[in-house]
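Novice: 3D model of this:
(4 chains)
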Number of protein chains: 2
Amino acid sequence: MPKQRDVQAQRDLLSNATWQVLAEDGLPGLTLRAVAERAGCTTGLVMHAFPTKKALLLHARDLLYERTAVRADAAEAACTDAFGALAAVLGQAVDLPHGHHDESRVWVGFLAAALADDDLAERHRAANRSFLARIRRLVAACRPKWTDERLERTTKSLVALVEGLNVLAAADPKTYPPRLQQDALAEALASLSVITECGSAAR
Amino acid sequence: MPKQRDVQAQRDLLSNATWQVLAEDGLPGLTLRAVAERAGCTTGLVMHAFPTKKALLLHARDLLYERTAVRADAAEAACTDAFGALAAVLGQAVDLPHGHHDESRVWVGFLAAALADDDLAERHRAANRSFLARIRRLVAACRPKWTDERLERTTKSLVALVEGLNVLAAADPKTYPPRLQQDALAEALASLSVITECGSAAR
DNA sequence: CCCTTTCCGTAACAGTTGTTACCGTAGCAG
DNA sequence: CTGCTACGGTAACAACTGTTACGGAAAGGG
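Specialist: Below you'll find the predicted structure:
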């Protein structure tokens, strides 16, 4: 049995290369040859590691989800109280000073591709719903007495705010600097508390 | 002087076709031939109306901005008080029952393209800043005593929420139905009032 | 009615795309 | 060290891209 390869390592290498190309040159620049060049190999290896370009794309998409999930897990585990965990997870999703600026760009790229590709769309929905479930669980832990409807609305509002900030910052970083993003998120979380206080005070 | 054409009509026709193709097949499906077929002509006409594909793209992008601006103007003009105007403009930007569902998809497509194309990026920034200025003006009319910083933060938060809802709804309409989007927006606007009340009450 | 001039469909171009077939080669079994 | 086999680089493939050149057709002026 001669010359065995590490298939997993190859797939990860190529997925990372896919990611980098996508972040730099966008969706139209995402070529098999560009990926191969970035990975330091030829298209031959790419086509041996993945049967088709779409498979490569899907694997890279899965990797994006995996990384964000790991980061969210870490942020959540680092906090003891539910409110802190909520703030940490959302704050980590918003563009940090300069940790993963590319990630938003890649996310937008995949999102745009998902609008025309059912498989990518399915992955996107699964990832987003997973994120929604996480946020909902944390919000529910903060406000146990809220109705399901209010829980749902607040959760989706928070996620929409975060993703909106990410998207807009990806296209116009000067208008949406990291500081402002964090402040906006903090305000949203604060208003979540204030509403509750006012509501209970009024009742 | 024989056989004159209506250049403006042609450009509008082709921009609309570009728009439709972009909404249906996404960025990768946006081909000159696809646009020509959708417009009921051949690539010959396209290349006579626009010198290059990029020019066509930019014109289609301008048309997107123009339409949204016209709708926003109309929504704003239909209301007398500032708060109603703010709610109307934002509510019109969020996906209405079923008026312009494609628009979000097109917007995402252009946004993704803008990440790799400087000219498109410039148009995006201009359009977004124009929208920001409009919202800021309305928010300022609602809360004249707010500091610039708070104005800025609230404005960008509202816009981020709206765009986030749009983007997420474009990719997963079932999770973000129109009703929920409107409710989420209403809550954000309501909390804007509540915060003010609580703040002045505490002072 | 014809002629001229602009328009635009046709078809070819060179370049790039994803994909495939092929074969030299690198590394382990004996 | 030799031989074998899976690996992966090379190069060709057809399909498609944006773009260009050309020629027929159509419409208004004389």
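Novice: residue contacts, A:Gln92?
Specialist: Applying C-beta atoms under 8 Å, 6 or more residues apart in numbering or on different chains, we find A:Gln92 in contact with A:71-72, A:75. Bear in mind the C-beta positions are built from the backbone N, C-alpha and C, glycine included.
Novice: check contacts around the residue nearest the centre of chain A.
Specialist: When chain A is reduced to its mean C-alpha position, the closest residue under C-alpha atoms, centre = their mean turns out to be A:Thr68, at 5.3 Å. Shown in contact with A:Thr68 (C-beta under 8 Å, 6+ apart): A:93, A:103, A:127, A:131.
Novice: mind checking pLDDT for the second one?
Specialist: Which is A:Glu103. pLDDT for A:Glu103: 92.
Novice: could you measure from it over to A:Arg67?
Specialist: Going from A:Glu103 to A:Arg67 by C-beta to C-beta, to the nearest Å gives 8 Å.
Novice: for those two, indicate the residue with more neighbours.
Specialist: Neighbour tally, A:Glu103 and A:Arg67, criterion other C-beta atoms under 10 Å in any protein chain shown: the higher count belongs to A:Glu103, 20 against 13.
Novice: ok, of the contacts of A:Gln92, which come out buried?
Specialist: Buried members of the contacts of A:Gln92, counted by 16 or more other C-beta atoms under 10 Å in any protein chain shown: A:71-72, A:75.
Novice: let me have the residues you listed in TSV, adding pLDDT and distance to DNA strand D as columns.
Specialist: Below are those laid out as TSV (pLDDT from 0 to 100; distance: C-beta to the nearest atom of the strand, whole Å):
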residue	pLDDT	distance to DNA strand D
A:Arg71	95	31
A:Ala72	97	34
A:Ala75	96	37
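Novice: any idea of the mean pLDDT for whichever strand or helix holds A:Ser193?
Specialist: If you go by DSSP states H and E, A:Ser193 is part of helix A:178-202. The pLDDT scores in helix A:178-202 average 77.
Novice: picking that back up, ok, and the most crowded of the contacts of A:Thr68?
Specialist: Of the contacts of A:Thr68, with other C-beta under 10 Å as the count, A:Ala93 tops at 24 neighbours.
Novice: returning to that earlier point: what about the contacts of A:Gln92, which are in helices?
Specialist: Among the contacts of A:Gln92, the ones falling in helices (DSSP state H) are A:71-72, A:75.
Novice: was I right to think A:Leu168 contacts A:Pro177?
Specialist: No: if you go by C-beta atoms under 8 Å, A:Leu168 and A:Pro177 don't touch, sitting 11.3 Å apart.
Novice: comparing the two, which residue is more hemmed in?
Specialist: Applying other C-beta under 10 Å to A:Leu168 and A:Pro177 shows that A:Leu168 carries more neighbours, namely 25 against 13.
Novice: quick one: secondary structure of the closest residue to the more buried one other than its chain neighbours?
Specialist: Nearest residue to A:Leu168, sequence neighbours excluded (C-beta to C-beta, 6 or more residues apart in numbering or on different chains): A:Tyr176, at 5.1 Å. Assigned with DSSP: H, G, I helix; E, B strand; the rest coil, A:Tyr176 falls in the coil class.
Novice: any chance of the backbone angles for A:Tyr176?
Specialist: phi -120, psi 70 (degrees, to the nearest 10).
Novice: got the contact list for it?
Specialist: Here A:Tyr176 is in contact with A:165, A:168-169, B:156, B:160 (criterion: C-beta under 8 Å, 6+ apart).
Novice: 7 Å instead?
Specialist: A:165, A:168-169, B:156 (C-beta atoms under 7 Å, 6 or more residues apart in numbering or on different chains).
Novice: one more: A:Trp107?
Specialist: Taking C-beta under 7 Å, 6+ apart, we find A:Trp107 in contact with A:64, A:166.
Novice: name the helices or strands packed onto the stretch of helix or strand A:Thr155 belongs to?
Specialist: Using DSSP H and E, A:Thr155 sits in helix A:148-171. If you count contacts as 3 or more C-beta pairs under 7 Å, 6 or more residues apart in numbering or on different chains; DSSP states H and E, helix A:148-171 packs onto helix A:82-93, helix A:101-114, helix A:118-142, helix A:178-202, helix B:101-114, helix B:118-142, helix B:148-171, helix B:178-202.
Novice: kindly export it (C-alpha atoms) in CSV.
Specialist: The C-alpha trace of helix A:148-171 is given here as CSV (Å, rounded to 0.1, in the frame of the first residue of the first chain):
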residue,chain,number,x,y,z
ASP,A,148,-42.9,32.7,23.5
GLU,A,149,-43.9,35.4,21.0
ARG,A,150,-41.9,38.0,22.7
LEU,A,151,-39.0,35.7,23.1
GLU,A,152,-39.1,34.9,19.4
ARG,A,153,-39.3,38.6,18.4
THR,A,154,-36.5,39.7,20.6
THR,A,155,-34.2,36.9,19.6
LYS,A,156,-34.7,37.5,15.9
SER,A,157,-34.3,41.2,16.4
LEU,A,158,-31.0,40.8,18.2
VAL,A,159,-29.7,38.4,15.5
ALA,A,160,-30.9,40.7,12.7
LEU,A,161,-29.2,43.7,14.4
VAL,A,162,-25.9,41.7,14.7
GLU,A,163,-26.0,40.4,11.2
GLY,A,164,-27.0,43.7,9.8
LEU,A,165,-24.1,45.4,11.5
ASN,A,166,-21.8,42.7,10.2
VAL,A,167,-23.0,43.1,6.6
LEU,A,168,-23.0,46.9,6.6
ALA,A,169,-19.5,46.9,8.2
ALA,A,170,-18.2,44.5,5.7
ALA,A,171,-19.2,46.9,2.9
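Novice: tell me the buried residues in that helix?
Specialist: For helix A:148-171, the buried set under the neighbour-count rule, 16+ other C-beta under 10 Å, comprises A:151-171.
Novice: could you give the angle of that helix to helix B:148-171?
Specialist: Interaxial angle, helix A:148-171 versus helix B:148-171 (axes from the mean of the first three to the mean of the last three C-alpha atoms, to 10 degrees): 100 degrees.
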